[in-house]
Each structure stands twice: as structure tokens, then as C-alpha cells.
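Student: Just the structure for this:
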Amino acid sequence: MKVYESRFTNEELVEVHDVLLGGALGFGENVPKLEEAFEPFSRKKYNVATNSASASAFMIFAFLKEKYGTCDVYTTSLGFVSPAWAAKHHGHNVIFVDVNNELLFDTKDYMERREPGGNKIVLMPVLYGGVSNIKDWRPLGDEIVVVDSAHCVTPDIKCDFSFFSFHPYKPICSSDGGMISTDDAHADEYFRLYRNFGRVSVDTGYDIHAAGGFKFYMNNLNATLALISMKRHNGNLSIRKGNFQHIKQNISLTSVLNHDILSSYYFGTAFSDSADKVMEKLGIARHYPMLHKMTYFKDEYQGTLENLENLFGTIVNIPIHQNLSEEEISDIVRIIGE
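Tutor: Below is the predicted model of the structure:
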């Protein structure tokens, strides 16, 4: 059983066939179309399509380093590794913050760990598709807020930057891809240069207008697939929400995290003293390993994150994706209830 699954249909095959025959396989007309279509999801003026959420995070922290210099980046240890790695790669100081009982960024712990002086970045994961009711997260008002929204395309958190994923296992999917969203016009210009080696556009040939950058732009094939997936988002979301509610009502676990009204219902999350046994029977791995325990970070990070470390072994990730069969849903209820 997969914790999340997306499937393509004949519609994608037809559209991809047309793109293949049309010859625009790199940066093509569907990339700007996707950027425009994404605005209602991001609620930001500027949306820049990239080849992955990881590339998006890389560019955001490159921009912040150029604009502000070295910053202190506060984030949780429960999340995918690439954003914290990107921050560290660009020379920022990554400081892990404990989580609360809903596995979310603990404001009190942040205030205790916050160092005086300097620029502060809060890297906020919208974990598991959005289980947070945090709408504006700036306790001291001076934080730069970056939202890792790879799991969730409808965040309602006021922020400076957010980034999304179109990985095949994400709510809006293609074969891969990402998106940066911001209201900062200068940052938008920076990202559009950086994603293509400093070139303003493909129409300018190979003239480089700025130093720095990589091949981080999204290709036309992925943009085509993402545009089709966006049309199915609301319907698939409704199915995932229904699956979550059905499973929640029929399992014995009492500690099941609730989702907010804008959640993408990526998968369900509960706590159990038998979590490892349940996860093994479901055939899925826990998302994600704790970052501060990874070799890359642990040599520098000697502190403890007491609440996360106590909760981590009890986390159960529950598949609720739109492609689950009735038999699989019954199996999930049965396995959790054993």
C-alpha cells in the first residue's frame, strides 16, 4: 500500500502527445500558463515555475542570503530535508525548534531558542497537507516567513515566500516540478533569472543578464501535466477528505490530528503506542526521519527536541489518497484496529 498515489489518464496522454509532436519540450508556452493558473491557489502576485520544490527552496535561500546576508533559520526537525539543507548550503544558521502536540512549530520553544540580533527566518512546514490554524506567524513582527508547502497547495498562512511541489506523490502532480510564490517583485525578477543561468528569457538567446543561477526552470511537459492535474484538484480533495473522515470514524485511535479547512488532506496522522507495528502492517514508512538525527546535521546540533523525540515513535501516517479502493480502506481500518 502507498501512503500517497497519483495516476495519469488518457487526457494526459493526449496532451503530452501534442506537446511531443509540437517540439516545445523545454521552456514552452504551458509554463507561463501554469504560473498564471496557480495564482488562485497561492494567493500571491508572482508565481515562478521550477523543476522541483527543492530547487525552489534553494533559490529562496539564495535570494535571502544576497539580500540580508547570513540569517538564523528556525524550523522544525520534522520535514523533508531539502529546505533546511538549502538554507545551510547558502551559509545560513539552521536552528531546530521543538514541535507542539500537533507536530507543529512550537512558538514558545522558538522564543526560548531565539538568538538576539540579526535577521530571523522562520521556515514553516505545512506538514502532512495542512493541520495548522496558524494564519499569521510573526510573534515579534520582524521574522521573514518562508512556508514549505510542498504537501499543500492552499495554505492560509501570511508569509513572504512559499514553495510547492508537483512531484508525482503530491496533490497537484506532474512527473515533477515546483513553484515559488511571493508578492515581492524584486524577488520574482531574481528567481526568473536564477532558474535559467541569468537569462531573462529564452528569447534573448544565450545573453546572460545576471551572475549566478542553474537550470531550475520547469519544462513544458511537466507544465502540461500539472495544468491537467489542477483541474482535478477539487474533486480529488473531496475524495481524500471523505476517506479521512470515514477512516477516522471507524478506528479506535483517539489521538487523530484534525485538518484545517484549507488542508489538502495529504494523508492522515494519528498517535499510537503500537505505531511501528501498524506502519509495518500498512507497508509504509513514517514521514519523515528527524533531521537533527541525520549525520549531516547532528554533528553540529547537540541539543534535544524533547517533545518531538517523545512523539516521533508514536506517529502513524494513514493513507487517505483518492485512488484507494474500498477494500484498501477496509484494510486500513482493520489493521489500525488490530
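Student: Packing partners of the strand or helix carrying Ile332?
Tutor: Per DSSP states H and E, Ile332 falls inside helix 326-337. Applying 3 or more CB pairs under 8 Å, 6 or more residues apart in numbering; DSSP states H and E, one finds that helix 326-337 contacts helix 233-250, helix 275-282, strand 315-318. Any C-beta I mention is one placed from the backbone N, CA and C, and that applies to glycine too.
Student: what does the last one contact?
Tutor: Going back to what we said before, that points to strand 315-318. By CB atoms under 8 Å, 6 or more residues apart in numbering, the residues outside strand 315-318 that reach it are 3, 103, 128, 244, 247, 253, 267-272, 275, 278-279, 282, 284, 286-287, 332, 336.
Student: Which of the three states applies to the nearest residue to Tyr206 once chain neighbours are set aside?
Tutor: Distance criterion CB to CB, 6 or more residues apart in numbering; nearest residue to Tyr206, sequence neighbours excluded, is Arg199 at 7.0 Å. Put simply, Arg199 is coil when judged by DSSP: H, G, I helix; E, B strand; the rest coil.
Student: Tell me which residues are up against the worst-scoring helix or strand of the chain on mean pLDDT.
Tutor: Ranked by mean pLDDT, DSSP states H and E, the helix or strand of the chain with the weakest confidence is helix 10-22, at a mean of 84. Residues from elsewhere that reach helix 10-22 (CB under 8 Å, 6+ apart): 25, 28, 30, 220-221, 224-225, 228.
Student: quick one on the thing from earlier: what's the offset of the helix holding Ile332 from the middle of its chain?
Tutor: Mean C-alpha position of helix 326-337 versus that of the full chain (CA atoms, centre = their mean, to the nearest Å) differs by 27 Å.
Student: ditto for stretch 140-147
Tutor: Chain-centre distance of stretch 140-147: 18 Å, with CA atoms, centre = their mean.
Student: picking that back up, got the buried residues for the next helix or strand after the least confident helix or strand of the chain?
Tutor: For helix 10-22, the following helix or strand on the C-terminal side (DSSP H and E) is helix 30-37. Using 16 or more other CB atoms under 10 Å as the test for burial, helix 30-37 gives 30-31, 33-35, 37.
Student: which of the residues you listed sit farthest apart?
Tutor: Longest distance between any two of those is 10.9 Å, between Val31 and Ala37; criterion CB to CB.
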